[in-house]
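In: Everything below, folded, please.
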Amino acid sequence: MDKLLLVEQKDKILTLVLNRPHKRNALTPDMLIQLYDTLRHVPTDGEIRAVIIRGAGDRAFSSGYDITAIPTRVSKELEDLLNKKSPFELAIESITHFPYPVIAMLNGFAFGGACDLAMACDLRIAADDIQMGMVPARLGVVYFPDGLQRFIRIIGWQNTKEMFFTARRYKGKKLMDMGLVNYQVPRAELTAFTHDLAGEIVQNAPLSLKGIKQILNLIADAHGLTPSIRQAANTFVQAAMTSQDLKEGQAAFLEKRKPNFKGK
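Out: The predicted structure is shown next:
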């Protein structure tokens, strides 16, 4: 496959770049498969503790899903998997279930499937001049339930209804007001701000990051803390309570130094 996804690693941060600038970084089956394949092969030992996803160039995060693109040949394993789930579903799941936080760095507009992909990330940081929108109603498409549920969880019922019923493009302060992004910063500061936030995250204990993300996913899937969710969540809590990282965190706090977590 072509390099539709650029992969960079530095200081425990993995950066994935959607790389079709000549097509406004439109998502293709091959790009989404590469995203899925990259995330599923990232070691979970704590060497990578945060992921940043951004678009190539400075115009677009991504213009959305390229419905004209046809997937190229894939492995037999992936072919069997693609008979059950679409490349878009696989990419979304790989982001949602990646053990550590995933940040969407919105360096340009994000529409349609690209907007949904950004919503699947744990945090979204946007340049203050971008636009976001969901346009399926304008295209005669009924958006799939999992995607609608994702928006409802993040921006609420009323904002989701407005966004999908109107197919508007949102920009400026409205992005923050609706909860579509966590931060808006001047474009010139976007990269530094995003990496500073990722750097703050990766200083924390790997077991804590993984456990908290898994519990949040369990709560979201169950729409609340059911007894079975509480039991599963307690497994992650107890693992952290008996870890070497907890002892290291306590020692570093008392000694007023930066902790050196090992993910154990």
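In: At which residues are the strands of the chain located?
Out: Ranges of strands within the chain are 5-10, 13-18, 50-55, 60-62, 102-106, 109-111, 123-127, 131-133, 169-171, 183-185, based on DSSP state E.
In: and these as a markdown table, adding mean neighbour count, mean pLDDT and distance to Leu39?
Out: Every C-beta, even on glycine, is put in place using the N, C-alpha and C of the backbone. Converted to a markdown table, the strands of the chain look like this (neighbours: other CB atoms under 10 Å; pLDDT from 0 to 100; distance: least, CB to CB, whole Å):
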| stretch | mean neighbour count | mean pLDDT | distance to Leu39 |
| --- | --- | --- | --- |
| strand 5-10 | 13 | 96 | 10 |
| strand 13-18 | 22 | 98 | 8 |
| strand 50-55 | 25 | 98 | 7 |
| strand 60-62 | 28 | 98 | 17 |
| strand 102-106 | 27 | 98 | 8 |
| strand 109-111 | 26 | 97 | 19 |
| strand 123-127 | 24 | 98 | 16 |
| strand 131-133 | 22 | 98 | 23 |
| strand 169-171 | 17 | 97 | 28 |
| strand 183-185 | 18 | 98 | 23 |
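In: would you turn those strands into TSV with distance to Phe193?
Out: Formatted as TSV, these follow (distance: least, CB to CB, whole Å):
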stretch	distance to Phe193
strand 5-10	16
strand 13-18	14
strand 50-55	11
strand 60-62	15
strand 102-106	9
strand 109-111	17
strand 123-127	6
strand 131-133	18
strand 169-171	19
strand 183-185	5
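In: Pull the contacting residues for the closest residue to Gly46 other than its chain neighbours.
Out: In this structure, Gly46 finds its nearest non-sequential neighbour in Gly263, 3.0 Å apart by CB to CB, 6 or more residues apart in numbering. Taking CB atoms under 8 Å, 6 or more residues apart in numbering as the criterion, Gly263 is in contact with 45-46, 205-207, 245.
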